[in-house]
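[1] Requesting a structural model of the entry that follows:
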Amino acid sequence: MPEINTKDYWNERYAAGGNSGAGSYGRLAEFKAGILNGFIADHGIGDMAELGCGDGNQLGLVKVDRYTGYDISAKAVELCSSRYRDDGTKKFKVYNPARPPKDKAELAVSLDVVYHLLEDETYSSYMRDLFAISGRFVAIYSCNTDSQADIALHLHPHRFTDWVEGNLPDWTLCGYLPNRYPLLPESPDETSFADFFFFSRNERIEPRYSCLFIPPDEAAAGLPDEEATELMRIARECLDTRELGKSAECLRRAAVNPKMRLQAFNALGAVLGALGRHSEAEDAMRAVLARDSGNMQARINLAKLYLTVGRWEDLNPFCRELKFLRAKDANVAVKWPHIAEKVANLG
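    Purely as a prediction, here's the structure:
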(Lines give C-alpha, C1' and ligand atoms only; values in the text may rest on other atoms or scores of the structure.)
Protein backbone atom coordinates (compact mmCIF):
# COMPACT_ATOMS: atom_id res chain seq x y z
CA MET A 1 0.00 0.00 0.00
CA PRO A 2 1.26 3.53 -0.74
CA GLU A 3 2.27 5.73 2.15
CA ILE A 4 0.12 8.52 0.72
CA ASN A 5 -3.26 8.35 -0.98
CA THR A 6 -4.36 9.98 -4.21
CA LYS A 7 -7.00 12.34 -2.83
CA ASP A 8 -4.96 13.63 0.10
CA TYR A 9 -1.82 14.11 -1.98
CA TRP A 10 -3.52 16.40 -4.50
CA ASN A 11 -5.61 18.30 -1.98
CA GLU A 12 -2.50 19.06 0.07
CA ARG A 13 -0.50 19.95 -3.04
CA TYR A 14 -3.04 22.49 -4.28
CA ALA A 15 -3.68 23.87 -0.79
CA ALA A 16 0.05 24.52 -0.44
CA GLY A 17 0.06 26.57 -3.66
CA GLY A 18 1.24 23.79 -5.97
CA ASN A 19 -0.02 23.23 -9.50
CA SER A 20 -0.90 20.31 -11.77
CA GLY A 21 2.71 19.73 -12.76
CA ALA A 22 5.04 20.59 -15.61
CA GLY A 23 2.98 18.59 -18.11
CA SER A 24 0.15 21.14 -17.87
CA TYR A 25 2.42 24.05 -18.80
CA GLY A 26 4.81 25.08 -21.58
CA ARG A 27 5.39 23.08 -24.73
CA LEU A 28 3.91 19.87 -23.32
CA ALA A 29 0.61 21.64 -22.68
CA GLU A 30 0.71 23.12 -26.19
CA PHE A 31 1.43 19.68 -27.68
CA LYS A 32 -1.52 18.07 -25.87
CA ALA A 33 -3.89 20.91 -26.74
CA GLY A 34 -2.86 20.78 -30.39
CA ILE A 35 -3.70 17.06 -30.61
CA LEU A 36 -7.00 17.47 -28.78
CA ASN A 37 -8.09 20.54 -30.75
CA GLY A 38 -7.39 18.75 -34.02
CA PHE A 39 -9.27 15.65 -32.88
CA ILE A 40 -12.24 17.74 -31.71
CA ALA A 41 -12.42 19.60 -35.02
CA ASP A 42 -11.91 16.54 -37.22
CA HIS A 43 -14.64 14.52 -35.51
CA GLY A 44 -17.18 17.28 -34.95
CA ILE A 45 -17.10 16.95 -31.17
CA GLY A 46 -19.26 19.46 -29.35
CA ASP A 47 -18.72 18.51 -25.74
CA MET A 48 -15.84 17.09 -23.74
CA ALA A 49 -15.50 15.78 -20.20
CA GLU A 50 -12.16 15.61 -18.42
CA LEU A 51 -11.73 13.27 -15.47
CA GLY A 52 -8.90 14.92 -13.57
CA CYS A 53 -9.02 18.57 -14.62
CA GLY A 54 -6.31 19.72 -12.20
CA ASP A 55 -5.70 23.45 -11.83
CA GLY A 56 -7.25 24.26 -15.23
CA ASN A 57 -4.16 25.68 -16.91
CA GLN A 58 -4.17 23.06 -19.68
CA LEU A 59 -7.85 23.77 -20.33
CA GLY A 60 -7.06 27.35 -21.35
CA LEU A 61 -5.55 26.01 -24.60
CA VAL A 62 -8.38 23.61 -25.50
CA LYS A 63 -11.09 24.66 -27.97
CA VAL A 64 -14.43 22.91 -27.43
CA ASP A 65 -18.00 24.22 -27.26
CA ARG A 66 -18.92 22.67 -23.91
CA TYR A 67 -16.68 21.31 -21.18
CA THR A 68 -17.15 19.56 -17.83
CA GLY A 69 -14.15 19.04 -15.58
CA TYR A 70 -14.05 16.61 -12.68
CA ASP A 71 -11.33 16.26 -10.07
CA ILE A 72 -10.92 14.20 -6.91
CA SER A 73 -9.45 17.28 -5.23
CA ALA A 74 -12.06 19.76 -4.00
CA LYS A 75 -9.33 22.40 -3.95
CA ALA A 76 -8.64 21.87 -7.67
CA VAL A 77 -12.34 22.27 -8.47
CA GLU A 78 -12.40 25.47 -6.41
CA LEU A 79 -9.39 26.83 -8.34
CA CYS A 80 -10.94 26.01 -11.72
CA SER A 81 -14.36 27.39 -10.81
CA SER A 82 -12.72 30.68 -9.81
CA ARG A 83 -10.46 30.78 -12.85
CA TYR A 84 -13.34 30.28 -15.33
CA ARG A 85 -16.18 31.90 -13.35
CA ASP A 86 -17.06 34.17 -16.31
CA ASP A 87 -17.08 31.35 -18.89
CA GLY A 88 -20.55 29.80 -19.13
CA THR A 89 -19.33 27.00 -21.43
CA LYS A 90 -17.36 25.38 -18.62
CA LYS A 91 -18.41 23.72 -15.38
CA PHE A 92 -16.50 21.84 -12.69
CA LYS A 93 -17.50 19.14 -10.22
CA VAL A 94 -15.78 17.16 -7.47
CA TYR A 95 -15.21 13.56 -8.54
CA ASN A 96 -16.28 10.94 -5.99
CA PRO A 97 -15.58 7.32 -7.07
CA ALA A 98 -18.38 6.19 -4.75
CA ARG A 99 -20.87 8.31 -6.72
CA PRO A 100 -19.78 8.24 -10.39
CA PRO A 101 -20.77 11.08 -12.77
CA LYS A 102 -24.05 10.56 -14.60
CA ASP A 103 -23.59 13.01 -17.49
CA LYS A 104 -22.09 11.93 -20.82
CA ALA A 105 -19.92 13.75 -23.35
CA GLU A 106 -18.85 12.82 -26.87
CA LEU A 107 -15.21 12.79 -25.81
CA ALA A 108 -13.87 11.81 -22.39
CA VAL A 109 -10.29 12.82 -21.68
CA SER A 110 -7.64 11.77 -19.18
CA LEU A 111 -4.43 13.80 -19.27
CA ASP A 112 -1.49 12.85 -17.05
CA VAL A 113 -3.82 11.19 -14.55
CA VAL A 114 -3.65 7.39 -14.88
CA TYR A 115 -0.10 7.10 -13.56
CA HIS A 116 -1.04 9.27 -10.54
CA LEU A 117 -3.68 6.80 -9.29
CA LEU A 118 -1.95 5.17 -6.35
CA GLU A 119 -4.53 2.66 -5.11
CA ASP A 120 -5.69 -0.25 -7.28
CA GLU A 121 -9.30 0.34 -6.24
CA THR A 122 -9.09 4.03 -7.18
CA TYR A 123 -7.52 3.10 -10.52
CA SER A 124 -10.25 0.58 -11.40
CA SER A 125 -13.05 2.95 -10.40
CA TYR A 126 -11.47 5.79 -12.35
CA MET A 127 -11.10 3.73 -15.53
CA ARG A 128 -14.70 2.52 -15.42
CA ASP A 129 -16.01 6.04 -14.81
CA LEU A 130 -13.82 7.55 -17.55
CA PHE A 131 -15.30 5.25 -20.18
CA ALA A 132 -18.81 5.47 -18.71
CA ILE A 133 -19.00 9.24 -19.26
CA SER A 134 -18.09 8.97 -22.95
CA GLY A 135 -20.57 8.58 -25.75
CA ARG A 136 -18.06 8.20 -28.59
CA PHE A 137 -14.35 8.50 -27.84
CA VAL A 138 -11.90 8.30 -24.95
CA ALA A 139 -8.46 9.90 -25.15
CA ILE A 140 -5.86 8.91 -22.57
CA TYR A 141 -2.51 10.65 -22.32
CA SER A 142 -0.29 8.52 -20.10
CA CYS A 143 2.50 5.98 -20.07
CA ASN A 144 1.24 2.45 -20.72
CA THR A 145 3.39 0.28 -18.47
CA ASP A 146 3.21 -1.33 -15.06
CA SER A 147 6.94 -0.94 -14.38
CA GLN A 148 7.67 0.58 -10.98
CA ALA A 149 11.39 1.12 -11.55
CA ASP A 150 12.81 4.48 -10.42
CA ILE A 151 9.39 5.96 -9.78
CA ALA A 152 8.37 8.75 -7.40
CA LEU A 153 6.10 8.07 -4.42
CA HIS A 154 3.19 9.97 -5.98
CA LEU A 155 3.37 7.96 -9.24
CA HIS A 156 1.99 4.49 -9.99
CA PRO A 157 2.10 3.52 -13.70
CA HIS A 158 -0.56 1.16 -15.07
CA ARG A 159 -0.76 -0.88 -18.26
CA PHE A 160 -4.23 0.43 -18.98
CA THR A 161 -4.64 -0.97 -22.51
CA ASP A 162 -4.71 -4.46 -20.98
CA TRP A 163 -7.27 -3.28 -18.41
CA VAL A 164 -9.56 -1.92 -21.12
CA GLU A 165 -9.23 -5.07 -23.22
CA GLY A 166 -10.03 -7.27 -20.22
CA ASN A 167 -12.86 -5.21 -18.74
CA LEU A 168 -14.51 -3.19 -21.50
CA PRO A 169 -14.96 -5.39 -24.59
CA ASP A 170 -17.15 -2.79 -26.33
CA TRP A 171 -14.20 -0.38 -26.54
CA THR A 172 -11.37 -0.67 -29.09
CA LEU A 173 -7.91 0.88 -29.01
CA CYS A 174 -8.07 2.60 -32.38
CA GLY A 175 -5.28 5.15 -32.28
CA TYR A 176 -1.86 5.85 -30.80
CA LEU A 177 0.27 8.97 -31.13
CA PRO A 178 3.74 9.07 -29.60
CA ASN A 179 4.85 12.11 -27.65
CA ARG A 180 6.53 14.82 -29.69
CA TYR A 181 8.86 15.33 -26.73
CA PRO A 182 9.78 11.86 -25.38
CA LEU A 183 11.31 11.66 -21.93
CA LEU A 184 14.88 12.86 -21.50
CA PRO A 185 16.20 12.52 -17.92
CA GLU A 186 18.06 15.81 -18.12
CA SER A 187 14.87 17.71 -19.17
CA PRO A 188 12.07 16.25 -17.03
CA ASP A 189 9.94 19.42 -17.14
CA GLU A 190 9.96 19.71 -20.94
CA THR A 191 9.67 16.04 -21.89
CA SER A 192 7.35 13.21 -20.90
CA PHE A 193 6.94 9.43 -20.88
CA ALA A 194 3.24 9.85 -21.75
CA ASP A 195 1.73 9.23 -25.19
CA PHE A 196 -1.80 9.59 -26.62
CA PHE A 197 -4.10 6.55 -26.82
CA PHE A 198 -7.53 6.80 -28.46
CA PHE A 199 -10.42 4.41 -27.89
CA SER A 200 -13.78 4.18 -29.64
CA ARG A 201 -16.94 2.10 -29.77
CA ASN A 202 -16.58 0.75 -33.32
CA GLU A 203 -16.13 4.20 -34.84
CA ARG A 204 -13.30 5.01 -37.19
CA ILE A 205 -10.96 7.87 -36.44
CA GLU A 206 -9.01 10.09 -38.79
CA PRO A 207 -5.86 8.36 -40.14
CA ARG A 208 -3.50 10.92 -38.63
CA TYR A 209 -4.60 9.85 -35.14
CA SER A 210 -4.04 6.15 -35.73
CA CYS A 211 -1.12 3.89 -36.52
CA LEU A 212 -2.92 0.71 -35.54
CA PHE A 213 -3.95 -0.27 -39.09
CA ILE A 214 -6.95 -2.25 -37.87
CA PRO A 215 -10.35 -0.62 -38.39
CA PRO A 216 -12.62 -1.23 -35.39
CA ASP A 217 -15.11 -3.28 -37.43
CA GLU A 218 -12.36 -5.67 -38.54
CA ALA A 219 -10.99 -5.94 -35.02
CA ALA A 220 -14.45 -6.73 -33.69
CA ALA A 221 -14.93 -9.47 -36.28
CA GLY A 222 -11.62 -11.06 -35.38
CA LEU A 223 -9.59 -13.58 -37.39
CA PRO A 224 -9.28 -17.31 -36.61
CA ASP A 225 -5.84 -18.52 -35.53
CA GLU A 226 -5.45 -20.85 -38.49
CA GLU A 227 -6.17 -18.08 -40.99
CA ALA A 228 -3.68 -15.76 -39.32
CA THR A 229 -1.03 -18.49 -39.31
CA GLU A 230 -1.58 -19.11 -43.02
CA LEU A 231 -1.31 -15.39 -43.78
CA MET A 232 1.99 -15.23 -41.90
CA ARG A 233 3.27 -18.20 -43.94
CA ILE A 234 2.28 -16.52 -47.21
CA ALA A 235 3.91 -13.27 -46.07
CA ARG A 236 7.23 -15.10 -45.49
CA GLU A 237 7.03 -16.75 -48.91
CA CYS A 238 6.40 -13.37 -50.52
CA LEU A 239 9.49 -12.00 -48.82
CA ASP A 240 11.56 -14.79 -50.35
CA THR A 241 10.25 -13.91 -53.81
CA ARG A 242 10.56 -10.12 -53.16
CA GLU A 243 6.80 -9.56 -53.47
CA LEU A 244 6.96 -6.97 -50.72
CA GLY A 245 3.60 -5.32 -51.37
CA LYS A 246 1.75 -8.62 -51.13
CA SER A 247 3.72 -9.55 -48.02
CA ALA A 248 2.73 -6.26 -46.36
CA GLU A 249 -0.95 -6.80 -47.06
CA CYS A 250 -0.84 -10.35 -45.65
CA LEU A 251 0.86 -9.07 -42.50
CA ARG A 252 -1.68 -6.28 -42.04
CA ARG A 253 -4.52 -8.78 -42.30
CA ALA A 254 -2.81 -11.22 -39.94
CA ALA A 255 -2.49 -8.47 -37.34
CA VAL A 256 -6.27 -8.53 -36.84
CA ASN A 257 -5.66 -11.71 -34.82
CA PRO A 258 -4.69 -10.67 -31.26
CA LYS A 259 -2.22 -13.56 -30.86
CA MET A 260 -0.36 -12.61 -34.03
CA ARG A 261 -0.65 -8.82 -33.67
CA LEU A 262 2.75 -7.87 -32.30
CA GLN A 263 4.64 -10.32 -34.50
CA ALA A 264 2.73 -9.19 -37.60
CA PHE A 265 3.17 -5.47 -36.91
CA ASN A 266 6.90 -5.92 -36.27
CA ALA A 267 7.34 -7.68 -39.60
CA LEU A 268 5.04 -5.20 -41.32
CA GLY A 269 7.16 -2.28 -40.13
CA ALA A 270 10.30 -3.85 -41.59
CA VAL A 271 8.61 -4.60 -44.93
CA LEU A 272 7.12 -1.11 -45.25
CA GLY A 273 10.53 0.36 -44.46
CA ALA A 274 12.06 -1.71 -47.25
CA LEU A 275 9.37 -0.38 -49.59
CA GLY A 276 10.32 3.19 -48.67
CA ARG A 277 6.91 3.79 -47.05
CA HIS A 278 8.58 5.30 -44.00
CA SER A 279 5.57 6.97 -42.39
CA GLU A 280 3.55 3.75 -42.47
CA ALA A 281 6.55 1.77 -41.26
CA GLU A 282 6.87 4.07 -38.26
CA ASP A 283 3.16 3.67 -37.54
CA ALA A 284 3.41 -0.12 -37.58
CA MET A 285 6.33 -0.18 -35.15
CA ARG A 286 4.68 2.41 -32.93
CA ALA A 287 1.61 0.16 -32.88
CA VAL A 288 3.77 -2.54 -31.31
CA LEU A 289 5.17 -0.12 -28.74
CA ALA A 290 1.65 1.05 -27.89
CA ARG A 291 1.03 -2.44 -26.55
CA ASP A 292 4.55 -3.39 -25.45
CA SER A 293 6.74 -0.35 -24.84
CA GLY A 294 9.83 -2.47 -24.22
CA ASN A 295 9.60 -4.63 -27.35
CA MET A 296 13.23 -4.76 -28.42
CA GLN A 297 12.65 -5.77 -32.04
CA ALA A 298 10.25 -2.87 -32.62
CA ARG A 299 12.64 -0.46 -30.92
CA ILE A 300 15.56 -1.66 -33.06
CA ASN A 301 13.46 -1.42 -36.24
CA LEU A 302 12.38 2.08 -35.30
CA ALA A 303 15.98 3.12 -34.62
CA LYS A 304 16.97 1.77 -38.05
CA LEU A 305 14.18 3.75 -39.65
CA TYR A 306 15.14 7.01 -37.95
CA LEU A 307 18.75 6.43 -38.98
CA THR A 308 17.65 5.89 -42.56
CA VAL A 309 15.66 9.11 -42.77
CA GLY A 310 18.00 11.15 -40.55
CA ARG A 311 15.49 12.00 -37.82
CA TRP A 312 18.21 12.64 -35.24
CA GLU A 313 16.12 14.18 -32.47
CA ASP A 314 13.71 11.23 -32.58
CA LEU A 315 16.65 8.89 -31.94
CA ASN A 316 17.25 10.24 -28.42
CA PRO A 317 15.02 7.63 -26.69
CA PHE A 318 16.74 4.81 -28.62
CA CYS A 319 20.35 5.15 -27.49
CA ARG A 320 20.51 1.58 -26.19
CA GLU A 321 19.29 0.29 -29.53
CA LEU A 322 21.80 2.46 -31.39
CA LYS A 323 24.64 0.99 -29.37
CA PHE A 324 23.34 -2.50 -30.16
CA LEU A 325 23.26 -1.66 -33.87
CA ARG A 326 26.79 -0.26 -33.70
CA ALA A 327 28.03 -3.64 -32.48
CA LYS A 328 25.99 -5.65 -35.01
CA ASP A 329 25.94 -3.50 -38.16
CA ALA A 330 29.21 -2.47 -39.83
CA ASN A 331 27.45 0.35 -41.69
CA VAL A 332 26.24 1.88 -38.42
CA ALA A 333 29.70 1.46 -36.88
CA VAL A 334 31.28 3.39 -39.74
CA LYS A 335 28.77 6.22 -39.35
CA TRP A 336 29.05 6.26 -35.57
CA PRO A 337 31.00 9.55 -35.16
CA HIS A 338 28.37 11.34 -37.26
CA ILE A 339 25.52 9.67 -35.35
CA ALA A 340 27.07 10.53 -31.98
CA GLU A 341 27.40 14.15 -33.04
CA LYS A 342 23.75 14.34 -34.12
CA VAL A 343 22.02 12.47 -31.28
CA ALA A 344 22.16 14.74 -28.26
CA ASN A 345 21.31 12.10 -25.67
CA LEU A 346 23.74 9.44 -26.88
CA GLY A 347 26.49 10.40 -24.43
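[2] contacting residues around the spatially closest residue to residue 80 that is not a sequence neighbour?
    Distances taken as CB to CB, 6 or more residues apart in numbering place residue 56 nearest to residue 80, at 3.9 Å, with adjacent residues excluded. (C-beta placed from N, C-alpha, C; glycine too.) Going by CB atoms under 8 Å, 6 or more residues apart in numbering, residue 56 touches 69, 76, 79, 80, 83, 84, 92.
[3] Whichever strand or helix holds the last one: partners in the sheet, and parallel or antiparallel?
    Secondary structure assignment for residue 92, by DSSP states H and E: strand 90-94. Based on DSSP bridges, the strands next to strand 90-94 in the sheet, each with its direction, are strand 66-71 (parallel).
[4] Start and end of stretch 49-56, how far apart?
    Terminal residues of stretch 49-56 are spaced 13 Å apart (CA to CA, to the nearest Å).
[5] where does the nearest residue to residue 293 once chain neighbours are set aside sit relative to residue 102, distance-wise?
    Distances taken as CB to CB, 6+ apart place residue 145 nearest to residue 293, at 5.4 Å, with adjacent residues excluded. Between residue 145 and residue 102 the distance is 32 Å, computed by CB to CB, to the nearest Å.
[6] between those two, who's got more neighbours?
    The neighbour count for residue 145 versus residue 102, taken as other CB atoms under 10 Å, is higher for residue 145 (16 against 7).
[7] May I have the phi/psi pair for that one?
    Torsion angles at residue 145 (phi, psi; degrees, to the nearest 10) stand at phi -150, psi 160.
[8] remind me, longest strand of the chain?
    Longest strand of the chain, by residue count under DSSP state E: strand 134-142.
[9] Show me what counts as buried in that strand.
    Buried residues in strand 134-142, defined by neighbour count with 16 or more other CB atoms under 10 Å: 134, 136, 137, 138, 139, 140, 141, 142.
[10] Identify the farthest-apart pair in the residues you listed.
    Checked with CB to CB, the buried residues of strand 134-142 reach their widest spread between 136 and 142, with 19.9 Å between them.
[11] Report the mean per-residue pLDDT for stretch 82-100.
    Across stretch 82-100, pLDDT averages out at 94.
[12] For residue 83, which non-adjacent residue is spatially closest?
    Residue 83 sits nearest to residue 56 (CB to CB, 6+ apart), 4.9 Å away.
[13] quick one: secondary structure of the one you found?
    The local conformation at residue 56, judged by DSSP: H, G, I helix; E, B strand; the rest coil, is coil.
[14] To what extent is residue 37 buried, counted in neighbours?
    Counted with other CB under 10 Å, residues neighbouring residue 37 total 14.
[15] tell me which element it falls in.
    Element membership for residue 37 (DSSP H and E) is helix 26-42.
[16] Just the buried residues of that helix, please?
    Neighbour-count burial for helix 26-42 [16+ other CB under 10 Å]: 28, 29, 31, 32, 33, 35, 36, 39, 40.
[17] same question, stretch 193-211
    193-201, 205, 209-211.
[18] Put together JSON lines for these, with distance to residue 231 and secondary structure on each row.
    Below are the buried residues of stretch 193-211 laid out as JSON lines (distance: CB to CB, whole Å; DSSP: H, G, I helix; E, B strand; the rest coil):
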{"residue": "193", "distance to residue 231": "34", "secondary structure": "coil"}
{"residue": "194", "distance to residue 231": "34", "secondary structure": "coil"}
{"residue": "195", "distance to residue 231": "29", "secondary structure": "strand"}
{"residue": "196", "distance to residue 231": "29", "secondary structure": "strand"}
{"residue": "197", "distance to residue 231": "26", "secondary structure": "strand"}
{"residue": "198", "distance to residue 231": "26", "secondary structure": "strand"}
{"residue": "199", "distance to residue 231": "26", "secondary structure": "strand"}
{"residue": "200", "distance to residue 231": "25", "secondary structure": "strand"}
{"residue": "201", "distance to residue 231": "27", "secondary structure": "coil"}
{"residue": "205", "distance to residue 231": "25", "secondary structure": "coil"}
{"residue": "209", "distance to residue 231": "26", "secondary structure": "helix"}
{"residue": "210", "distance to residue 231": "21", "secondary structure": "coil"}
{"residue": "211", "distance to residue 231": "20", "secondary structure": "coil"}
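[19] Please determine how far the residue lying farthest from the centre of the chain is located from residue 247.
    In the chain, the residue that sits farthest from the middle, by CA atoms, centre = their mean, is residue 241; the gap is 36.4 Å. Relative to residue 247, residue 241 is positioned 9 Å away (CB to CB).
[20] now residue 240
    Here the criterion is CB to CB. By it, residue 240 lies 9 Å from residue 247.
[21] got it, and residue 172?
    26 Å.
[22] Ok, residue 115 next?
    From residue 115 to residue 247 the distance is 38 Å (CB to CB).
[23] Which residue, other than its chain neighbours, is closest to residue 138?
    Setting aside the residues directly before and after it, residue 138 is nearest to residue 199 in space (CB to CB, 6+ apart), at 4.4 Å.
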